[in-house]
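Student: sequence first, then the predicted structure, then my questions.
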Amino acid sequence: MSKPGIAAVLSFLIPGVGQIYNGAFLRGIFWLIITPGLWIGTGGWLGWLCHLVSAYTAYQYAKRSET
């Protein structure tokens, strides 16, 4: 059973790791590929947004699997 807080922090530090921690491997690979592309492609502007969305989705996924 994964903990939502740990999943969110892991995914905020390295987008995709929180999803992998939750067991959602394809989602994790998606975030691991998309985030660096957005960092490089937009000069960092969308990179921060991607980090936040990744952490939020990892948190929500872990919270749903708790119940």
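Tutor: Yep, that arrived.
Student: residues in contact with the top helix by length along the chain?
Tutor: Longest helix in the chain, counting residues (DSSP state H): helix 45-66. By CB atoms under 8 Å, 6 or more residues apart in numbering, the surrounding residues in contact with helix 45-66 are 1-12, 15-16, 18-19, 21-24, 27, 31, 34-35, 38-39. C-beta here means a position set from N, CA and C on the backbone, and glycine is covered the same way.
Student: may I see the buried residues of it?
Tutor: 46-47, 50-51, 53-55, 57-59, 61-63 (16 or more other CB atoms under 10 Å).
Student: point out where the chain drops to low pLDDT.
Tutor: 1, 67 (pLDDT under 70).
Student: can you tell me, leaving aside adjacent residues, what's nearest to the residue positioned nearest the centre of it?
Tutor: Closest to where the C-alpha atoms of the chain average out (CA atoms, centre = their mean) is residue 54, at 3.1 Å. Once flanking residues are discounted, residue 54 sits nearest to residue 15: 3.8 Å by CB to CB, 6 or more residues apart in numbering.
Student: can you get me a residue count around that neighbour?
Tutor: Using other CB atoms under 10 Å, residue 15 is surrounded by 28 other residues.
Student: helix/strand/coil for it?
Tutor: Here residue 15 is recorded as coil under DSSP: H, G, I helix; E, B strand; the rest coil.
Student: contacting residues for it?
Tutor: Applying CB under 8 Å, 6+ apart, the residues contacting residue 15 are 31, 32, 34, 35, 50, 51, 54, 55.
Student: next, count neighbours for the first one.
Tutor: Summarising burial for residue 31: neighbours were counted as other CB under 10 Å, giving 25.
Student: please apply the same query to the third one.
Tutor: Burial of residue 34, expressed as a neighbour count using other CB under 10 Å, amounts to 17.
Student: what angle separates the helix or strand it falls within from helix 45-66?
Tutor: If you go by DSSP states H and E, residue 34 is part of helix 25-41. Helix 25-41 and helix 45-66 meet at an angle of 160 degrees, taking axes from the mean of the first three to the mean of the last three CA atoms, to 10 degrees as the criterion.
Student: returning to that earlier point: out of the contacts of helix 45-66, which are buried?
Tutor: Looks like the contacts of helix 45-66 have 2, 4, 7-12, 15-16, 18-19, 21-22, 24, 27, 31, 34-35, 38-39 buried, using 16+ other CB under 10 Å.
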